[in-house]
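*Asks:* got a sequence here, can you build the structure:
(chains A, B, C and D)
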There are 2 protein chains.
Amino acid sequence: MISTKGRYALRVMIDLAENDNGTPIPLKDIAKRQDISKKYLEIIVKDLVHGNLVSGVSGKGGGYRLSKKPEEISVGEILELTEGTLAGVACLQTDKNSCPRAAKCKTLPLWTEYDNMVHDFFYGKKLSDLY
Amino acid sequence: MISTKGRYALRVMIDLAENDNGTPIPLKDIAKRQDISKKYLEIIVKDLVHGNLVSGVSGKGGGYRLSKKPEEISVGEILELTEGTLAGVACLQTDKNSCPRAAKCKTLPLWTEYDNMVHDFFYGKKLSDLY
DNA sequence: TATTTACCTACTGTGTCAATAGGTTTATAT
DNA sequence: ATATAAACCTATTGACACAGTAGGTAAATA
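*Replies:* Down below sits the predicted model:
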């Protein structure tokens, strides 16, 4: 299940894209527009900065701006970054080493197909498609 | 994320379908074949019984059997029963009353599309497709 | 009547989620 | 220079779900 973190992250990204006027956008403004506590947004934006999707500018007059054009940012990137993974099933998380039953598992092909579908869906959607 | 409960439930259902020989199949056998504790399986099978996907027969010689033919049971039914919901996003869970931002929410259409895709995927797969 | 099975209620440790709290650093505007 | 406004950082917390265990009772057959 996609958590608030990923969902809020997407809203932040859209907000940044929609309100882009050249100058950095302070978190305070986003928090107010999106009705999300600024404190919580700090955590989320930190992930986005680490993933190079946005860059922050400190000091008065500072704020955040997108690092790439909205057409070049996929929803999948945003979610994978903030959710940690897009994998819908634990068996398929890359860090978990593969299950000993994998070879004979009757359900693994289903989960793999599911995972590919979800991946393609979210990586096919660009930020620019959402506003 | 689909939890062990849903994943195990699916394996139980496949096991019941594959080993169906007319007589009920005791949980002990399923637990051994699937390498899952019988105690934990009890919880899972209870859900399946409540949802009328399997029926239990008490007493010596008892066990469980499928209530319908494998071609008539969808993976979606199984997962929705054991997971509680198939909704990948909290906004779309039926019990939660809709979010006040819904009307102006830029992300809601995305989540709805995602949800429909997932729903169609899992309801399109039948138990008989998996073994 | 002993045995085998389903069925029931309760409990628990672990971890994640969602969020808050209180600071320090950085850089601009005045 | 200095006040101000912003990002940035570390830690903490309450609530809840997940994954599983424990110990029993009821039902039905061999």
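*Asks:* nearest to the spatial middle of chain A, which residue is it?
*Replies:* Geometric centre of chain A, nearest residue: residue A:78, 2.0 Å, by C-alpha atoms, centre = their mean.
*Asks:* that residue contacts residue A:125, correct?
*Replies:* No: Residue A:78 is beyond contact range of residue A:125, at 9.7 Å (criterion: C-beta atoms under 8 Å). Bear in mind the C-beta positions are built from the backbone N, C-alpha and C, glycine included.
*Asks:* following element in sequence after the strand or helix carrying the residue nearest to the centre of chain A, please.
*Replies:* Assigned by DSSP states H and E, residue A:78 belongs to helix A:75-83. Later in the chain than helix A:75-83, the nearest helix or strand by DSSP H and E is helix A:108-124.
*Asks:* buried residues in that next one, which are they?
*Replies:* A:108, A:110-111, A:114-115, A:118, A:121-122 (16 or more other C-beta atoms under 10 Å in any protein chain shown).
*Asks:* how about it and chain B, touching?
*Replies:* Yes: judged by C-beta under 8 Å from any C-beta of the partner chain, helix A:108-124 and chain B are in contact via A:110-111, A:114, A:117-118, A:121-122.
*Asks:* picking up where we left off before, how about the contacts made by the residue nearest to the centre of chain A?
*Replies:* Neighbouring residues of residue A:78 by C-beta atoms under 8 Å, 6 or more residues apart in numbering or on different chains: A:6, A:9-10, A:13, A:48, A:53, A:127.
*Asks:* 6 Å - rerun?
*Replies:* Counting by C-beta atoms under 6 Å, 6 or more residues apart in numbering or on different chains, residue A:78 makes contact with A:9-10, A:13.
*Asks:* now those residues as JSON lines including neighbour count?
*Replies:* Output for these, formatted as JSON lines (neighbours: other C-beta atoms under 10 Å in any protein chain shown):
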{"residue": "A:9", "neighbour count": "26"}
{"residue": "A:10", "neighbour count": "23"}
{"residue": "A:13", "neighbour count": "26"}
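*Asks:* now those residues as JSON lines including distance to residue B:23, secondary structure and pLDDT?
*Replies:* Converted to JSON lines, the contacts of residue A:78 look like this (distance: C-beta to C-beta, whole Å; DSSP: H, G, I helix; E, B strand; the rest coil; pLDDT from 0 to 100):
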{"residue": "A:9", "distance to residue B:23": "53", "secondary structure": "helix", "pLDDT": "98"}
{"residue": "A:10", "distance to residue B:23": "52", "secondary structure": "helix", "pLDDT": "98"}
{"residue": "A:13", "distance to residue B:23": "57", "secondary structure": "helix", "pLDDT": "98"}
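*Asks:* turn those residues into TSV, including distance to residue B:63.
*Replies:* Below are these laid out as TSV (distance: C-beta to C-beta, whole Å):
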residue	distance to residue B:63
A:9	48
A:10	47
A:13	53
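*Asks:* which helix or strand lies directly C-terminal to whichever strand or helix holds residue A:39?
*Replies:* Using DSSP H and E, residue A:39 sits in helix A:38-50. Downstream of helix A:38-50, the next assigned helix or strand under DSSP H and E is strand A:54-57.
*Asks:* other SSEs contacting that next one?
*Replies:* strand A:63-66 (3 or more C-beta pairs under 6 Å, 6 or more residues apart in numbering or on different chains; DSSP states H and E).
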